[in-house]
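A.B. asks: fold the following.
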Amino acid sequence: MHTTIIIFFGLVLLALMLFIGEKLGFPRQTLAFSFVVLWLALTLINGAVGMVNAGQPLSTELVVGSAVFGVPVAALVLFMVLSPDA
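C.D. replies: Got it, this is the predicted structure:
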């Protein structure tokens, strides 16, 4: 359940960054790069907390972290490919 919540948070963060960033006039490429860097940092922090507090092994955190990082980034790629240029 925690993984699903974190992935949902990533998708909400992506939507907010794209919506607010485009309203402020930032280019999509800048917003995409910023999201990937921020989401990678948050995913690494989430994995570290899982290892330290929950006692999860590194191998488990790497697999789960890949999904947590990959789903919102895949949604970003789909958005960038399928949406018309503004």
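A.B. asks: low-scoring stretches of this protein, by residue?
C.D. replies: For the chain, applying pLDDT under 70 flags the ranges 86.
A.B. asks: buried stuff in whichever strand or helix holds residue 62?
C.D. replies: Counting by DSSP states H and E, the secondary-structure element that holds residue 62 is helix 58-82. If you call a residue buried by 16 or more other C-beta atoms under 10 Å, then helix 58-82 has these buried ones: 61, 64-65, 68-69, 71-73, 76. From N, CA and C alone the C-beta is placed, and that goes for glycine too.
A.B. asks: and if you look at stretch 34-44?
C.D. replies: Within stretch 34-44, the residues scored as buried using 16+ other C-beta under 10 Å are 35-36, 39, 42-43.
A.B. asks: contacts for it, please.
C.D. replies: Under the criterion C-beta atoms under 8 Å, 6 or more residues apart in numbering, residues 10, 13-14, 17-18, 21, 65, 68-69, 72-73, 76 lie in contact with stretch 34-44.
A.B. asks: do that again at 7 Å, thanks
C.D. replies: Outside stretch 34-44, the residues that touch it by C-beta atoms under 7 Å, 6 or more residues apart in numbering are 10, 14, 17, 65, 68-69, 72-73, 76.
A.B. asks: would you turn these into CSV with distance to residue 55?
C.D. replies: What follows is the contacts of stretch 34-44, written out as CSV (distance: C-beta to C-beta, whole Å):
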residue, distance to residue 55
10, 24
14, 30
17, 32
65, 16
68, 18
69, 21
72, 26
73, 27
76, 32
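A.B. asks: which of these sits closest to residue 29?
C.D. replies: residue 76 (11.2 Å; C-beta to C-beta).
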